[in-house]
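Enquirer: Got a sequence here, can you build the structure:
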Amino acid sequence: MAFNPFDFFIKYHSREFSARYRLVTLLIGAAVFLVVVPALIIYISHAANAYIVETDIYNRAKTGVAAAFIISGLAMVGWSALVLWNTGKGTPAPVAPTKKLVVSGPYGYCANPMELGLIFYCFGLGTYLDTFTTGVIASFLVLIIGSAYNRLVEEKELALRFGDEYREYAKKTGFLIPNIWK
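Expert: The predicted model follows:
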């Protein structure tokens, strides 16, 4: 019999996790996705930026623009994690997932607010640390990598765990673009 990773996810995710375990996974996940992954993405974006000619049209506003995106991105990531913790009794980390489908808070507006927040955060961070082009490349890399993971792994796993409830939610809720006129 072939190994099916989704069977493993379902079996693993049905376990109960202590608050301590969830907190540790949340802190490790935050370190990885707010420091390590953005650092790699900014590094790659900076290297790619060396091949692009750029005119710095917003030189005086660069810090303000970058700060606005960093703050709004972190706010979205924080709000999303808090709702997963309080409402879903889990974390964004696959090793300590939610016990129920979360459709409130930012998840009431789009299915992947955590990814949207990371796109904003990496755009702001890349812009602040280097240039506007680095910010654009960094946010594009997060969009591609995050969307691929969400489409290829997370959506399938959520459909297996929550069935029709998830499929109905996914039909009504935008993948990444928030529906603020609900």
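Enquirer: next one: phi and psi at Cys110?
Expert: Backbone torsions of Cys110, given as degrees, to the nearest 10, read phi -150, psi 150.
Enquirer: and it, what is it in contact with?
Expert: The contact partners of Cys110, by CB atoms under 8 Å, 6 or more residues apart in numbering, come to 116, 173-179. Placement of C-beta: from N, CA and C, glycine included.
Enquirer: Need the residues you listed in CSV (columns: neighbour count, pLDDT and secondary structure).
Expert: Converted to CSV, the contacts of Cys110 look like this (neighbours: other CB atoms under 10 Å; pLDDT from 0 to 100; DSSP: H, G, I helix; E, B strand; the rest coil):
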residue, neighbour count, pLDDT, secondary structure
Leu116, 26, 97, helix
Thr173, 17, 92, coil
Gly174, 14, 88, strand
Phe175, 14, 92, coil
Leu176, 15, 90, coil
Ile177, 10, 88, coil
Pro178, 17, 86, coil
Asn179, 11, 79, coil
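Enquirer: Please enumerate the helices of this structure.
Expert: Ranges of helices in the chain, per DSSP state H, are 5-13, 19-31, 37-49, 62-86, 113-129, 132-149, 155-172.
Enquirer: Identify whichever of those lies nearest to Val103.
Expert: helix 155-172 (5.4 Å; CB to CB).
Enquirer: So which of the helices of the chain is the most surrounded?
Expert: Mean neighbour count, computed with mean count of other CB atoms under 10 Å, is highest for helix 113-129 among those, reaching a mean of 24.
Enquirer: just checking, what packs against that helix?
Expert: Judged by 3 or more CB pairs under 8 Å, 6 or more residues apart in numbering; DSSP states H and E, the packing partners of helix 113-129 are helix 37-49, helix 62-86, helix 132-149.
Enquirer: Can you lay out those helices as JSON lines showing mean pLDDT and distance to Cys122?
Expert: Below are the helices and strands packed on helix 113-129 laid out as JSON lines (pLDDT from 0 to 100; distance: least, CB to CB, whole Å):
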{"stretch": "helix 37-49", "mean pLDDT": "84", "distance to Cys122": "5"}
{"stretch": "helix 62-86", "mean pLDDT": "95", "distance to Cys122": "7"}
{"stretch": "helix 132-149", "mean pLDDT": "94", "distance to Cys122": "4"}
